[in-house]
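S.K.: Turn this into a structure:
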Amino acid sequence: MEIYVGGIGIECVEEDLRKLFSQYGEVTRVAIITDRDTGYNRGFAFCTMPDDAQADTAMRALNAAKFQGQPLRVNKSLSTRAHTSYKTT
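M.R.: Reported below is the predicted structural model:
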């Protein structure tokens, strides 16, 4: 399942999110979305977890949780297309 993660700070890197979500199960992909011009992260990312039950547990546990000093918005991604066209970190 692809999970939308909003509210991440500019200092957040892929490994930070991978460690956070791995507490709930296997994470196969993390993509932090960056601005094309500046290269800075845009404050959101996508995580892919192949097991839907583990993904649901992660979403319930992490939605509104503080991470690196900021509250996260975590829910199932509304898009069905892979976010491969975005530059990831």
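S.K.: residues touching the closest residue to residue 66 other than its chain neighbours, list them.
M.R.: Nearest in space to residue 66, with sequence neighbours left out and distances taken as C-beta to C-beta, 6 or more residues apart in numbering, is residue 72 at 7.7 Å. For every residue, glycine as well, the C-beta is placed using N, CA and C. Shown in contact with residue 72 (C-beta atoms under 8 Å, 6 or more residues apart in numbering): 5-8, 62-66.
S.K.: Tell me which other helices or strands the helix ranked longest in the chain touches.
M.R.: In the chain, ranked by residue count with DSSP state H as the criterion, the top helix is helix 52-62. Helix 52-62 is packed against strand 2-6, helix 14-22, strand 73-76, with contacts defined by 3 or more C-beta pairs under 8 Å, 6 or more residues apart in numbering; DSSP states H and E.
S.K.: Can you name the next helix or strand after that helix?
M.R.: Per DSSP states H and E, the first helix or strand lying C-terminal to helix 52-62 is strand 66-67.
S.K.: That following strand pairs with which strands, and in what direction?
M.R.: Strand pairing for strand 66-67, using DSSP bridges, gives strand 70-71 (antiparallel).
S.K.: Specify the strand with the largest residue count in the chain.
M.R.: Selection of the longest strand in the chain by residue count, based on DSSP state E, yields strand 41-48.
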